[in-house]
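Asker: got a sequence here, can you model it:
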Amino acid sequence: MGGPMTRDVSSVVLVLNDARFDTNAHRAVPMWLVDTSANAALAHALRAAGHSSVTLLLRAPGESETDLFCRAVENIETHHGSASGGSYARLMVYGLSDSLLESDVLSELSLSLIGREGDAHVLR
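Answerer: Numbering: from 1, shown residues only. Below you'll find the model as predicted:
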């Protein structure tokens, strides 16, 4: 995917599993998808339709959901956050488990749940 993105975006979408969501609603925002067969097919379809910012995240063998989520957020910050000179107003996460929401992980990442939008947890 090259170097860090430096433009401001309103949202970044992170899909942690094979969540179903309206891709048209997120067509103009960066999307980060955990690499599953369903998400790989979705990424291919989005790219074929002209979506220019779709990234697949490989899950390391034995990697916990918490570690995967933390790594995804770190990558998103690197490419779309203040580390890149850009910013985003919210992180829309599909497939975020209740156990992750109830843990200290969000606060450790300086994130907080600001609401729900459909099936997405909206963080900032």
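
Asker: chain center to the longest helix anywhere in the chain, what's the gap?
Answerer: Of all the elements of type helix in the chain, the one with the most residues (DSSP state H) is helix 65-80. Averaged C-alpha coordinates place helix 65-80 at 8 Å from its chain's average position (CA atoms, centre = their mean, to the nearest Å).

Asker: ok, and what's touching that helix?
Answerer: Outside helix 65-80, the residues that touch it by CB atoms under 8 Å, 6 or more residues apart in numbering are 1, 4-5, 9, 12, 14, 16, 30, 32, 34, 55, 57, 59-60, 63, 83-84, 86-88, 91, 96-97, 99-100, 103, 105, 109, 111. Backbone N, C-alpha and C define where each C-beta goes, glycine included.

Asker: so of the residues you listed, which ones are in helices?
Answerer: Residues of those located in helices (DSSP H): 99-100, 105.

Asker: so which of those is the most crowded?
Answerer: Leu100 (19 neighbours; other CB atoms under 10 Å).

Asker: give me the pLDDT value at it.
Answerer: Predicted confidence (pLDDT) for Leu100: 91.

Asker: what's it in contact with, if anything?
Answerer: 65-66, 69, 106.
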